[in-house]
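Q: sequence and predicted structure, then a few things I'm wondering about:
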Amino acid sequence: MPKHQVIRDAGQSLLGVLRAELSAQKSKAKAHVAAPTAEFLRKNVPCLVLYLYDIRPSVDVRTNESWHLEEEVTDEKGETHVVRYARPLEIGLHYLLTAAAEDLADEHEILALGMKAFLDHPKLQGDQLAGDSFFRQDALALHHDTEFTLETAGRVFAGLGQSARVAVGYRTDARLFSGRELGRSKRVRERHIDVFDQLRPPPGSVSARELGMEARPPKIVSPPRK
């Protein structure tokens, strides 16, 4: 099953998109996943900062999905088992994106590059997903967070000990899987065995004579004399 690092891997996946855009535009700014404190911004200008400020967990059963998730695993003996795991946790990840530079115009340009990166990549999948926390078919759908307001930014930055800055909110959803097993059972494979009379094999089959294993004719036993 996927590991517990999905929150970290989600952030690193988004960071990869930001860094790729800054590199493509030959920007001098560097992208970071960090708390945008005044000290961090001062030491890292010019920079683009992605900050996870809120997590909202929930439990949900998706379409065509059982309550307990199952996975087939093969042990060292070659036997296949069906392992049942505890219910995963759906997590809503809310990010803040902000920028810092010596010149205010440069700061705005850097922030716009970050917004462009997420605008051009609203859904991350395949090689864009960092780490080992995702299944092959998984994807991170990124949305502009309409609940993120100036008041939200003010509360976040106030908690970091500084006044509000220009920032944009984004959100995505991921799954935190439990490693707790609820049980396992051996997978029994169905086998089909054809049974037929060796003296009268079915049409199209290889006869016993052709295989050199012709069966002896049955011995006829006469009825007992009266």
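A: Here it is on my side, so go on.
Q: just the helices in this structure please.
A: 6-24, 38-44, 104-120, 150-159 (DSSP state H).
Q: Serialize the ones you listed to CSV and add fields for mean pLDDT, distance to residue 84 and mean neighbour count.
A: Any C-beta I mention is one placed from the backbone N, CA and C, and that applies to glycine too. Shown next, in CSV, are those (pLDDT from 0 to 100; distance: least, C-beta to C-beta, whole Å; neighbours: other C-beta atoms under 10 Å):
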stretch, mean pLDDT, distance to residue 84, mean neighbour count
helix 6-24, 95, 20, 19
helix 38-44, 96, 44, 14
helix 104-120, 97, 37, 17
helix 150-159, 95, 40, 15
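Q: turn these into JSON lines, columns for distance to residue 175.
A: Formatted as JSON lines, the helices of the chain follow (distance: least, C-beta to C-beta, whole Å):
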{"stretch": "helix 6-24", "distance to residue 175": "7"}
{"stretch": "helix 38-44", "distance to residue 175": "30"}
{"stretch": "helix 104-120", "distance to residue 175": "21"}
{"stretch": "helix 150-159", "distance to residue 175": "25"}
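Q: out of the ones you listed, nearest to residue 129?
A: Residue 129 lies closest, by C-beta to C-beta, to one member of the helices of the chain: helix 6-24, at 5.1 Å.
Q: circling back: out of the helices of the chain, nearest to residue 137?
A: helix 6-24 (15.0 Å).
Q: next, count neighbours for the closest residue to residue 56 other than its chain neighbours.
A: Nearest residue to residue 56 in three dimensions, chain neighbours excluded: residue 92, at 4.0 Å (C-beta to C-beta, 6 or more residues apart in numbering). If you count neighbours by other C-beta atoms under 10 Å, residue 92 ends up with 14.
Q: tell me the contacts of the nearest residue to residue 120 once chain neighbours are set aside?
A: Leaving aside its sequence neighbours, residue 120 sits nearest to residue 21 (C-beta to C-beta, 6+ apart; 7.7 Å). The contact partners of residue 21, by C-beta atoms under 8 Å, 6 or more residues apart in numbering, come to 113-114, 116-117, 120.
Q: fine by me, thanks again.
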